[in-house]
Structure formats: structure tokens, C-alpha cells
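Colleague: Sequence and predicted structure, then a few things I'm wondering about:
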Amino acid sequence: MHAAAKFILQHGESLKRDETLIDNVFWAGAAARLSVVIPAFRYDASDLIDTLARCQSSQLAEIIVYDDGSRDNDLLSKMETTAGQARAAVRIVSSAQNRGRAGARNAAIAHARAEWILLLDADMAPDSDRFLEMYMSAVERVGEPSVIVGGCSLKFAPTGSVYALHRWQSRASECVSAAKRRTAPGRFVFTANVLAHRDVFQACPFDDAFAGWGWEDTDWGLSLEAKFPIMHIDNTATHLGLDTAASLMSKYGRSGANFARLVERHPEAAKAMPLYRAAKRTRALPFRKLFKALAGGVAASRWMPVALRGRALKAWRALVYAEAIR
């Protein structure tokens, strides 16, 4: 085991029987103001651990990486080594079971000791070394249990042509300013980078009936809207893990059931979503499967202009969801 003197393996402390805990030397004595919770699946979060540990005010934070059933000893060893070198409190939780995105977040949050909990996806990278400090400043301003959304960017994201479609989609739908996000506070709660008080997570845990990928964060944000204040600020982190067109479309293609669940749980909010309205319109289209194949072909083509591909992706996604909603 790497850096054995710096680690304590605490099987007996595990909150769940299928979890193994690996803590670095700073964990036991930490009195964190902020818990940074990072769910990961088959992803090396070493760079994110290192970046957070180098942020200003990192001594006031604890970092929790929740490996959601990867069962990859080499991966865990790499993260363990990084945690052993970090000048911040770090806990790595290895789960033998894969709980999915919603379930893993709930399980990871159970390890947080601070009053305020920051959720970050493992493939995110803070855009500023004041990232943690800016969140702590925001906490001082709100003074009550609430949600603070920092937002996403493409500042350090890969620029290769294979990622062009995902970059276009992210820029159009996700990497938007705090001012725009404030127009629909619950809709723009992206859990790739969001801070919330412990009371928020206790009152509104993630719905683990959302299986696989997609829409569990939107469901959570919309569920919060009537219960807690939602503040949007510009404290962005870059989404490094862009997908190829094939991978992105595969994820969207498997998320229809989750979208249908979102619509069922939040019917009024869904009516305001352009994607839902498009899906409803396309349900009546003749030759729907043909249109879906054509739109998918344009979206997947690397030879088409990216703006055309992006619009085709939106149409294809609406046609996918038309098959799932009532």
C-alpha cells in the first residue's frame, strides 16, 4: 500500500457493510467548514483531489471521494497515493456495490461532517484557485440553509474535433451565466458543481429511482425550489470529461425512462421545457422512426457543421423522449 504511514484503513467505521474507508493523516483531526463530495465511477479523481488541496482555504475543507463500485484496485491505489500527498483532509470510500448516480450521491453525502456540502463530479476542475474561498464567502452571505450553484464552463475542456458536438451542447444548455440561471433557479441546479446546507440534503435526498444516467439532478433542483432559497453565482468549474458524439448519444438514448419520471414528478415545470414540448409535438409525426434515424445520422456526422449537428441532436433527443413520455 502506498504511503502506509499516512493512512488508516477503517473497515469498522464504514457506514455501510459494502464500503471500505481509506483516510489520510489529516482526516481524523479535521474541523472542516466545507465537505467536498466527489462521486466517481471508473474515473481517477486524483487530479481533482490535488487541485482542491492546492486551492486557497483548502485547510478548511475535507474531500470525500466515493468510488461507486468500480472494483479497480489500481485506480484506488492512484487516488490513495494522491490523497497521501495532499495537504488537506481526504477520505476515499470504496463501495463494492454500484448504486448509480443518485444512490452514490446519497451514500457519499452520509460521510460528510461539515454543515455545508459541495457536490463536484469527478471530471470537473475548478476554474480558480479561489474556488473554495468563493463558496465560503457565499455561505457567509446567505446565513440560512440554502443551495448555492457555481455553474459549469469549458475553460480547460478538451478541444479535439471528436468532442465538438458535446462542446456545442454544453455551451448551449449548461455553461450559462449566473444571470441566465437565475431565470429558472431550480431548472439550472447542476449537481456537477453545487453547494448546499446539510438540512437541504436531509429534507430532499436524491431520488434513487432514477436509474443510470440523466435527469436526477434536474429532479432534485425542481424539488428544492419550493423549500429552500437557491442562489446562483459565477464560481465555475470546467467539465473535462466531454464525450464523443457516439458516447453522448448513447447516454441520451438510455435516459428516456428518467426523463419520463421527471415529467411525471414535475408536470408543470416540464411544460416550460423546450425539450418536453418538442417531444410532445413529435409524438404525432408520421414516419417518426425515419426522422429519428436522419436526425441521428446528421448529429453523429463529423463532416457536418457543428451548429447543424447540434440542432439535429436536439431533434433526435426529442424523438427519443417522445417514445418514453405519455
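Modeller: The structure has been received and is ready for your questions. Numbers count the residues shown, from 1 in each chain.
Colleague: From start to finish, how long is stretch 173-190 in a straight line?
Modeller: One end of stretch 173-190 to the other measures 11 Å (Cα to Cα, to the nearest Å).
Colleague: pLDDT of the helix or strand hosting Asp74, averaged?
Modeller: Per DSSP states H and E, Asp74 falls inside helix 73-85. Across helix 73-85, pLDDT averages out at 93.
Colleague: and what of stretch 191-210?
Modeller: Rounded mean pLDDT across stretch 191-210 is 92.
Colleague: How far off centre is that stretch?
Modeller: Stretch 191-210 has its C-alpha centroid displaced from the chain centroid by 11 Å (Cα atoms, centre = their mean, to the nearest Å).
Colleague: Restricting the selection to alpha carbons, write it to PDB.
Modeller: Extracted C-alpha coordinates of stretch 191-210, given in PDB (Å, rounded to 0.1, in the frame of the first residue of the first chain):
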ATOM      1  CA  THR A 191     -25.000  18.800  -9.400                       C
ATOM      2  CA  ALA A 192     -21.700  18.800 -11.200                       C
ATOM      3  CA  ASN A 193     -20.900  21.900  -9.100                       C
ATOM      4  CA  VAL A 194     -23.400  22.800  -6.400                       C
ATOM      5  CA  LEU A 195     -23.100  23.600  -2.700                       C
ATOM      6  CA  ALA A 196     -26.000  23.000  -0.200                       C
ATOM      7  CA  HIS A 197     -26.600  23.000   3.500                       C
ATOM      8  CA  ARG A 198     -26.800  19.700   5.300                       C
ATOM      9  CA  ASP A 199     -30.500  20.400   6.000                       C
ATOM     10  CA  VAL A 200     -31.200  20.600   2.300                       C
ATOM     11  CA  PHE A 201     -29.900  17.100   1.700                       C
ATOM     12  CA  GLN A 202     -31.700  15.700   4.700                       C
ATOM     13  CA  ALA A 203     -35.000  17.200   3.500                       C
ATOM     14  CA  CYS A 204     -34.500  16.400  -0.200                       C
ATOM     15  CA  PRO A 205     -32.300  13.400  -0.800                       C
ATOM     16  CA  PHE A 206     -31.700  12.300  -4.400                       C
ATOM     17  CA  ASP A 207     -34.400  10.000  -5.800                       C
ATOM     18  CA  ASP A 208     -32.500   6.800  -6.400                       C
ATOM     19  CA  ALA A 209     -35.400   5.500  -8.600                       C
ATOM     20  CA  PHE A 210     -33.600   7.400 -11.300                       C
END
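Colleague: Name the residues of it that come out as buried.
Modeller: 191-198, 200-201, 204-208, 210 (16 or more other Cβ atoms under 10 Å). (C-beta placed from N, C-alpha, C; glycine too.)
Colleague: next one: stretch 169-182
Modeller: Buried, per 16+ other Cβ under 10 Å, within stretch 169-182: Gln169, Ser170, Glu174, Cys175, Val176, Ala178, Arg181.
Colleague: Which strands or helices does the helix holding Asp74 pack on?
Modeller: strand 7-9, strand 19-24, helix 46-54, strand 61-68, strand 89-95 (3 or more Cβ pairs under 8 Å, 6 or more residues apart in numbering; DSSP states H and E).
Colleague: what inclination does the fourth one have with respect to strand 19-24?
Modeller: Taking axes from the mean of the first three to the mean of the last three Cα atoms, to 10 degrees, strand 61-68 and strand 19-24 form an angle of 150 degrees between their directions.
Colleague: Trp303 and Ala245: what is the separation?
Modeller: 12 Å (Cβ to Cβ, to the nearest Å).
Colleague: Just want to know which of the two has more residues nearby.
Modeller: Set side by side, Trp303 and Ala245 show more neighbours around Ala245, with 20 against 6, by other Cβ atoms under 10 Å.
Colleague: Can you give me every residue that contacts that one?
Modeller: Contacts of Ala245 were listed using Cβ atoms under 8 Å, 6 or more residues apart in numbering, and they are Val162, Leu165, His166, Ala299, Ala300, Arg302, Arg309.
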